[in-house]
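Participant: any chance you could fold what I've pasted below:
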Amino acid sequence: MPASSTRPRFLYIDDDSGTCRLVAREMERHDIDTTVAYSGADGLRLAAAQEFEVVGLDHFMPGEDGLDILSALTDLTDPPSVIYVTGSEDINIAVAALKAGASDFVVKDVQGSFMALLRKAIGSAVTQQQLRRAKERAEAEIRAANERLEKLTATQSILLHEMNHRIGNSLQLITSMIRLQASATQDAHAKDVLRQAAERVIAVAQVHQRLYTSDDIRHVEMRAYIEKLLEDQQLAARDRGCTLDIDIADVKIGTDRAISVGIIVTELVTNALKYAYPDAGGPIRVQLGSVQGDEETDHLRLVVEDEGIGQGSPHGKTGTGVGSRIVDAMARSLGAQLEQDGSNKGFRSVLLFPRTPAAVNGGS
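Facilitator: Predicted structure coming up:
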C-alpha cells in the first residue's frame, strides 16, 4: 500500500530552519510525512494547495502574528488540525491559541525534548481529524438521505393526489352517465332506481373530492362532507314541502369509514323523503356527534329521524330491498348496530359506531 495512504501528512511552519530540519527528521523517523514552511505566508499557501491532517504553527515569526496565521488556517474550506508551538511558557498564549481554534499547544525547549510531545499531539490531532471528517461525512449522508426522502415524499403526495383526482373524475363521469340514463328512461321505477344509484356513487365521489383538495388524505371532516352530500336532498325536500335539518359535530373520521357513513346517510334520508310524508311535508333531521359520557375518541352516534307515518309505511320496513341491505352492510363495516324505531309517530334510525377501527377490534 502506498505510504501516502497510511502516513499522516504534517505541515510544520517555523522561521527557524534548524528547528524545521530537526522536526522533519524526527517526524520522518516515526513515519509521519512532513513538509516544512519557513513563514506563515508560505505555510498558508501550502495548506491551501495540499491536504494536511495536521499543521504545527510557531507563535513567534518575524513580521507575522501566529494567531493571525492560525485564524487563516481555520478559515480554509477543509481546515487541518493546528498544534500551536511556542518557546514561551506564558499560559495566556496557550489560552488565546486554543480559543482561536488550535487543537493543542506545545512549548519548545532548547534541548528538543518537545519533539516527543509534538509527536503525541500529532497522533491525537490525526485521530480527532479523522473523527471530525467521519462525522461530517455521516452528517452529509444523512442530509442527502433526508433530501431524497423529502423529494420522494413530495412525489408520492403528488401522485396520490393525482390518483384521487382521476378517481373522483371517473366517479363523476359514472354519475353523469347514470343520470343521463335516468332522464332517458320512461319507466318511473327504473328512473327511481337509477337516481338512487347515482346518489350512492356521489357519496363515494364526495370523499375523493375532499381527498385530492386536502393535505390530510387519511381523514374526512364530516360536517362539510355530509352537508355537501345532502345538497341534492335539500332540493328534493323543498319540492316535497319537507325541511332537512342537518346537525353535524366538528369531527373527523377515517376515509373508508366516512364513505360508509355517507352511504348510510344518503340511503336513510332518501328513504324518509320517499315514504315519511305521503300527504304533506314535515321535518327530517340528521345528527352526528360524540356519545355523551364517552371519551372523545370512543363512539359516535348517527341519527336520522322524521315525524311521518312511521312503522305502518314501507318506510318502516327493514331488511327488504336493496337500500336496506346496503345500510346493513355499511353498518357491519363500521362495527355498528343499527336500531330503528317506528312504534310511535315518525321513524327513527340510530347508528352507534366506534370512531376508529381499533375500537371495533376492542370489542365493540
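Participant: the residue most central in space within the chain: which element?
Facilitator: What sits nearest the mean C-alpha location of the chain, by Cα atoms, centre = their mean, is Thr153, with 8.0 Å. Using DSSP states H and E, Thr153 maps to helix 114-184.
Participant: what packs against that helix?
Facilitator: helix 17-29, strand 54-58, strand 81-86, strand 104-107, helix 188-212 (3 or more Cβ pairs under 8 Å, 6 or more residues apart in numbering; DSSP states H and E). C-beta here means a position set from N, CA and C on the backbone, and glycine is covered the same way.
Participant: hey, least reliable of these by pLDDT?
Facilitator: Comparing mean pLDDT across the helices and strands packed on helix 114-184, the lowest value falls on helix 188-212: a mean of 77.
Participant: which other residues reach it?
Facilitator: Residues from elsewhere that reach helix 188-212, judged by Cβ atoms under 8 Å, 6 or more residues apart in numbering: 161-162, 164-165, 167-168, 171-172, 174-175, 178-179, 181-183, 185, 217, 220-221, 224-225, 228-229, 232, 255, 258-259, 262-263, 265-267, 270, 322-323, 326.
Participant: could you rerun that using 6 Å?
Facilitator: Helix 188-212 has contacts (Cβ atoms under 6 Å, 6 or more residues apart in numbering) with 161, 164-165, 167-168, 171-172, 174-175, 178-179, 181-182, 185, 217, 220, 228-229, 258-259, 262-263, 266.
Participant: try stretch 242-250
Facilitator: 222-223, 226-227, 233-234, 237, 281, 283-289.
Participant: neighbour-wise, which of the residues you listed leads?
Facilitator: Of all the contacts of stretch 242-250, Ile284 has the most neighbours under the rule other Cβ atoms under 10 Å, reaching 28 neighbours.
Participant: helix, strand or coil for that residue?
Facilitator: Ile284 carries the three-state label strand when classified by DSSP: H, G, I helix; E, B strand; the rest coil.
Participant: assess the claim that it and Glu305 are in contact.
Facilitator: No. Checked against Cβ atoms under 6 Å, the pair Ile284 and Glu305 is beyond contact range at 7.5 Å.
Participant: now stretch 31-45, how far from the centre of its chain.
Facilitator: Its chain's C-alpha centre and that of stretch 31-45 lie 50 Å apart, by Cα atoms, centre = their mean, to the nearest Å.
Participant: do stretch 21-36 as well
Facilitator: So, by Cα atoms, centre = their mean, the centroid of stretch 21-36 is 54 Å from its chain's centroid.
Participant: okay, now the unreliable bits of the stretch 201-350 of the chain?
Facilitator: 208, 210-215, 292-297, 311-320 (pLDDT under 70).
Participant: just the strands in it please.
Facilitator: 219-221, 243-248, 252-254, 283-290, 299-306, 337-341, 347-354 (DSSP state E, counting those that start in this stretch).
Participant: mind giving me JSON lines with the ones you listed and columns for distance to Val204?
Facilitator: Output for the strands of the stretch 201-350 of the chain, formatted as JSON lines (distance: least, Cβ to Cβ, whole Å):
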{"stretch": "strand 219-221", "distance to Val204": "12"}
{"stretch": "strand 243-248", "distance to Val204": "18"}
{"stretch": "strand 252-254", "distance to Val204": "14"}
{"stretch": "strand 283-290", "distance to Val204": "18"}
{"stretch": "strand 299-306", "distance to Val204": "18"}
{"stretch": "strand 337-341", "distance to Val204": "20"}
{"stretch": "strand 347-354", "distance to Val204": "18"}
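Participant: quick one: buried ones out of the contacts of helix 188-212?
Facilitator: Neighbour counting over the contacts of helix 188-212 (16 or more other Cβ atoms under 10 Å) leaves 161, 164, 167-168, 171, 174-175, 178-179, 182, 220, 229, 258-259, 262-263, 266 as the buried ones.
Participant: what is the burial count for Thr270?
Facilitator: For Thr270, using other Cβ under 10 Å, the count is 20.
Participant: that one and Lys120, how far apart?
Facilitator: From Thr270 across to Lys120, the span is 88 Å (Cβ to Cβ, to the nearest Å).
Participant: next one: Val95
Facilitator: Val95 sits 21 Å away from Lys120, going by Cβ to Cβ.
Participant: Ala331: what's it in contact with?
Facilitator: Leu338.
Participant: recalculate using a threshold of 10 Å.
Facilitator: If you count contacts by Cβ atoms under 10 Å, 6 or more residues apart in numbering, Ala331 has them with 260-261, 264, 302, 337-338, 349, 351-353.
Participant: you'd agree Val82 is up against Thr74?
Facilitator: Yes. Here Val82 reaches Thr74: they are 6.9 Å apart, a contact under Cβ atoms under 10 Å.
Participant: of these two, give the one with the bigger neighbour count.
Facilitator: Val82 (28 against 15).
Participant: may I have the beta-bridge partners of that one?
Facilitator: Beta bridges link Val82 to Val55 when assigned by DSSP bridges.
Participant: report the separation between it and Leu98.
Facilitator: To Leu98, Val82 is 10 Å away according to Cβ to Cβ.
Participant: again with Arg9
Facilitator: Distance from Arg9 to Leu98, by Cβ to Cβ: 23 Å.
Participant: ditto for Glu307
Facilitator: Distance, Glu307 to Leu98, by Cβ to Cβ: 87 Å.
Participant: compare those two (neighbour count), which wins?
Facilitator: Set Glu307 next to Leu98 and count neighbours by other Cβ under 10 Å: Glu307 wins out with 16 against 13.
Participant: contacting residues around the more buried one?
Facilitator: Contacts of Glu307 (Cβ under 10 Å, 6+ apart): 276-277, 282-285, 344-348.
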